[in-house]
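**Q** kindly generate the corresponding structure for this input.
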Amino acid sequence: LGIALPRLTPLRDSWIAEQAAQGVVLAHRRARIAAILMNRPLVLTVAADSLRIATLAGSVVWRAAGPAAAGATLAGPVRKLTFSPVGLTTGLSNATFQISRGAAIRSVVVSRLGRVRIRRGS
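**A** All right, here's what the predicted structure looks like:
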C-alpha cells in the first residue's frame, strides 16, 4: 500500500519567495527609520546577494543576506534607494523588485512616498 501525498514543492517555493519579499520590505522600513533616527541621508542597496544600508560616504550601518541566500531570484539590476533625514526617498525612488522561486512570484512595489506592498503572482 502507498500513501498519496500532495506535492510540497510549490508550497515551499511560495514560502521562500514570500520570506525573501518580506526581507526586502523590512530592509526598506529599517532604512527609513534609521535615516530619521540618525538624522542623516542613508542609502539602501538591494542586490540579489545582499541588502545593505550605508551612509552617503559608504560606511555600512546594517547588512543582511539577500534573496539569493534563501534560493530565490531577484530580477533586474542592483537598485539603490536614498532616504532623506525626514524619511522620504529622494531621486528616482519608485521601484519594483521581482522575486521568484520556481513558479512562485512576489513583487515588492515601493512608492516615492514610502508605501511598500507585496503583490503576489505574476
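**Q** going forward, measure contacts between C-alpha atoms and count neighbours the same way
**A** Noted.
**Q** just say helix, strand or coil for the residue nearest to the spatial centre of the chain.
**A** The chain has Val24 as the residue nearest its centroid, 1.7 Å off, counting by CA atoms, centre = their mean. At Val24 the chain is in helix, as set by DSSP: H, G, I helix; E, B strand; the rest coil.
**Q** residues contacting it?
**A** By CA atoms under 8 Å, 6 or more residues apart in numbering, Val24 lies in contact with Val46, Leu51, Gly66, Val108.
**Q** which elements pack onto the lowest-mean-pLDDT helix or strand in the chain?
**A** Least confident helix or strand, the chain: strand 89-90 with a mean of 88, by mean pLDDT, DSSP states H and E. Counting by 3 or more CA pairs under 8 Å, 6 or more residues apart in numbering; DSSP states H and E, the packing neighbours recorded for strand 89-90 are strand 79-83.
**Q** buried set for the strand it packs on?
**A** Lys80, Leu81, Thr82, Phe83 (16 or more other CA atoms under 10 Å).
**Q** over to stretch 63-74?
**A** In stretch 63-74, counting by 16+ other CA under 10 Å, buried: Gly66, Pro67, Ala68, Gly71, Ala72, Thr73, Leu74.
**Q** for the buried residues of strand 79-83, which one is nearest Thr89?
**A** Nearest to Thr89 among the buried residues of strand 79-83, counting by CA to CA, is Phe83 at 4.3 Å.
**Q** please tell me how far the closest one sits from Thr55.
**A** 10 Å (CA to CA, to the nearest Å).
**Q** got any residues that touch both of these two?
**A** Pro41, Leu42, Val43.
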